[in-house]
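**Q** make a model of this:
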Amino acid sequence: MQVGTSASLSGSLTNSGGSSLTISAASISGTGFSLSGLTLPLTLTAGQSTSFTVKFAPAAAGTVSGNIAITSNGSNSTLNIPLTGTGATQGDLSPNPSSIAFGNVQNGTTSSLSETLTNNGGTSVTISAASASGTGFSYSGLTLPLTLSAGQSTTFTVKFAPAAAGAVSGNLTITSNASNSTLNIPLSGTGMTQGDLSPNPASIAFGNVQDGTSSTQTETLTNNGGTSVTISAASASGTGFSYSGLTLPLTLSAGQNTSFTVKFAPADAGAVSGTLTITSNGSNPTLTIPLSGTGVTEGDLSPNPASIAFGNVQDGTSSSQTETLTNNGGTSVTISAASASGTGFSYSGLTLPLTLAAGQTTSFSVLFNPTVAGAASGTLTITSNGSNPSLTIPLSGTGVTPGTLSANPTSLAFGSVQVGNSTNLSETVTNTGGSSVTISQANISGTGFSISGLTLPTTLTPNQRVTFTATFAPTASGSSSGTLSIVSTASNSPLNIALSGTGTSQGQLSVLPTTLSFGTVTVGASASLNGSLTATGSSVTVSSASSSSGEFVLSGITLPATIAAGQSAPFTVTFTPNASGASSATLTFTSTASNSPTTEALTGTGQAAAQHYVDLTWNASTGAVTYNVYRMLSSGSSYTQIDSGDATTAYQDNNVTAGQTYDYVVTAVNSEGQESSYSNMVQVTIPSP
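**A** Next up is the predicted model:
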C-alpha cells in the first residue's frame, strides 16, 4: 500500500455454537492498522454473525504485521485474527544523465545521446507526455503513454541538429504521475561552422630577389571554423616558387594553426607570379595563395649629375653642389669608400660604409674651394660592390679674382637747380672683377639727393653693369653736397660717389595784360586776343593752364613750357559766345613759380546774329492755277516742297541757316492738277553772322 494512502478490508464474526455469546472487547495492534464497524459489547445468538472493517494506512515504507484480539464469553474467549500489510513509497522518475550536453556540433549535422528514465519509487509511474524545447533539440524512441513499474527503466534518444553557429540551451520535459510529475532535463549544445582554412599572409610578395639567390617567407594556415580540417595536399606553381616544412596529411582542430616556409629562387630577371594551392576538407577545399616576386640584376650605382662643373668661384671662397647616387640595379649596393682628387675639390655629408637598397638614393655635397685664379679639374671616385665597383665623376671649376665695382661718373654734379624743381643724372656701376658681386644697399647722405631705378639686392656678373638715376630736388637756396654709398660683396665695398648741387630761388610768373576784354562778338562767331607770360628771378616751368568757361579757349602755347628768367612766351585766347549777353572767365596758369597759380581775367559780350531769309519771285505761267516751291541743300540729293501750293508768284523762305547754300525750283499746277517740270534752279548762300 502506497505510503500516505489507505486500504480497507471487511471481516465478520459468527457464533457457531449452540447458545448466545457476548463479545465484550476487541483490540487491534500493528502500526497503521485500525478497526471500525464493531459496537461492543455485542451479543450474537447461535448462528448469528456481525461485520467489521479493518483499515491499513502505512506511514512509512516496509512490511507491517498486527493482530485483532476478540474477547468474548464463548468457548474461545480470546480470538486472535492476524494482520499483515506493506507500506510502499510513491513512484518517482530519475533521469540518467540528469542533463545532456552535446558540446560542439557542426551546423547541418545531428548528434544523438541516450537518456534513461528509471522509476525509483515503490509504485508504478505512467509517463503521459514528453517535449523538447530549444532550437535544434528533439527526441525519439519514447512511445507514450508508458507505464514503468517500481524499479523499471526505459531508454530513448535525444538529438541536437544546429542550423546556425552559436550556443543553444533547452529542456526535455517529462510529464507523469510520479512524485516529480514535471521532470526537466537541461539540454545544451553549440552549433559550429565547418572547418575553414585562413592563410596569413593572404598573398606572398617576395619583391626584388637577385638572380641566383633565394628569399623565404613564412606562411601560416589557421582553422577559423568550428570543426577540424584535414589538409591532404599542397602544391606551388610559378617558376622559382616552392614550399617546405608542411608534412601532409595534417589535421588542424578548431582554432589550431600550422606554419611553413615558402621560397622564391629566380633564375632570370623579370616579374614572376604563381600560386600555392592547399587542398583540404574544409569549407574552402581548394585554397589558393597568390605568389609574386621579381628576379633582379645586380645593384648598379648611377650619379646625378654625371659630372660637376662649378664654373667661376672667387678665390678664398667655396662653392657647393649636390651630387645624388641612385642604385638603379635590382639588389642592394654598399658604398665602402669615396675620394676626391684635384686641387680645391672635396666632399661632405657622405657617411661610409652606406648601403642603398634597389631604387634608393643618397645625396651629399661636393665642394670647390680655389686658392688661386685659374681652371682646375679633378675626380670624385665612389667604391662599391655594385656592378660598377669604381665609379668616377669628373669635377671642374675655375678660380677667379674677387669682384670689384667701379662708378661712371665717379661723382655727380647737378649744378644749379631751382627750389621746387629737380634734376636727374644717370649713374652706371660696373663689376670690373672676376667674380659676381651682389649689391645689397645704396645709402644716400645730403639734403635733396635721392636715387631711383636700382632694385636691391642685385647681382652683377663679371663685366656686367647697372644704370640708375640720381635726383637733386633742393628745398632751399644754397649749395648741397652728399654721398651715394654702394654696399656690396665687392672687394672695394663700400663704393662712395660724391654728390653736389646748388639750390636757386624760385622764379615769378606774370601775365600781360591782366585782363583780356573781347568787347561784343556775334553769337556763333569768334574773336581772338593775344597775351604773354614772363618769368622773372629764375626760369619758370608752366605745367598746365585752364579756362573757367568753354567760351574762352587758350592756344598758341605748348605745355609744359619752361620760360627762362627775363623771357616771355606769347599765347592767344579766342572768345566764341554761345548766347547773347555778357560773359566772363578766369584763365589759370599752374607753374613752378612762387606765385603759382597765375590768373588772367577774360570778358566779352555775345550779340545775337541777324535773322536771314530768302525772297523768291517768278513769272506767271499760262494755264497755271497754283505754284509749288521746292528746296534742296546744294550738297543734297533730292528736293523737298516747302510751300502748301499758292496762286501767287512770290514766296519768302524764313527757315534758313546761316552759312548754308540752298537750291530752289518752282513748278506750275493747272486746273486738272497736272504739275509741270521743275523751273530753272536758283542757288542762294545764306551769310554767316
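**Q** shouldn't residue 207 be in contact with residue 291?
**A** No - applying C-beta atoms under 8 Å, one finds residue 207 not in contact with residue 291, separated by 12.0 Å. To be clear about C-beta, it is placed using only N, CA and C from the backbone, and glycine gets the same treatment.
**Q** show me where the stretch 151-300 of the chain has its strands.
**A** 153-160, 166-176, 182-192, 197-200, 204-210, 215-223, 229-237, 241-244, 250-252, 257-264, 270-280, 286-296 (DSSP state E, counting those that start in this stretch).
**Q** can you check the stretch 1-150 of the chain too?
**A** Applying DSSP E, counting those that start in this stretch to the stretch 1-150 of the chain gives strands spanning 7-14, 21-29, 33-36, 42-44, 49-56, 62-72, 78-87, 93-96, 100-106, 111-119, 125-133, 137-140, 146-148.
**Q** which positions within the longest one qualify as buried?
**A** By neighbour count on 16 or more other C-beta atoms under 10 Å, the buried set for strand 62-72 is 64, 66, 68, 70, 71, 72.
**Q** so the fifth one is in contact with residue 22, correct?
**A** Right, the one you point to is residue 71. No - using C-beta under 8 Å, residue 71 makes no contact with residue 22, being 9.8 Å away.
**Q** compare residue 207 and residue 291 (neighbour count), which wins?
**A** Under the criterion of other C-beta atoms under 10 Å, the comparison of residue 207 against residue 291 puts residue 291 first, with 25 against 14.
**Q** so what's the more buried one closest to, chain neighbours aside?
**A** Residue nearest to residue 291 in three dimensions, not counting chain neighbours: residue 274, with 4.2 Å by C-beta to C-beta, 6 or more residues apart in numbering.
**Q** the one you found touches residue 241, doesn't it?
**A** Yes - if you go by C-beta under 8 Å, residue 274 and residue 241 touch, sitting 4.3 Å apart.
**Q** what touches both of those two?
**A** Shared contacts of residue 274 and residue 241, defined by C-beta atoms under 8 Å, 6 or more residues apart in numbering, are found at residue 291.
**Q** so what sits opposite residue 661 in the bridge?
**A** Per DSSP bridges, the residues bridged to residue 661 are residue 685.
**Q** tell me where the model's unsure across the stretch 1-150 of the chain.
**A** Along the stretch 1-150 of the chain, segments meeting pLDDT under 70 span 1.
**Q** quick one: which of the strands of the stretch 1-150 of the chain is nearest residue 552?
**A** strand 100-106 (117.3 Å; C-beta to C-beta).
**Q** what's the angle between that closest one and strand 153-160?
**A** Angle of strand 100-106 versus strand 153-160, following axes from the mean of the first three to the mean of the last three C-alpha atoms, to 10 degrees, is 30 degrees.
**Q** strand 100-106 pairs with which strands?
**A** strand 182-192 (parallel).
**Q** next, the angle strand 111-119 makes with the strand it pairs with.
**A** Going by the same axes, to 10 degrees, strand 182-192 makes 170 degrees with strand 111-119.
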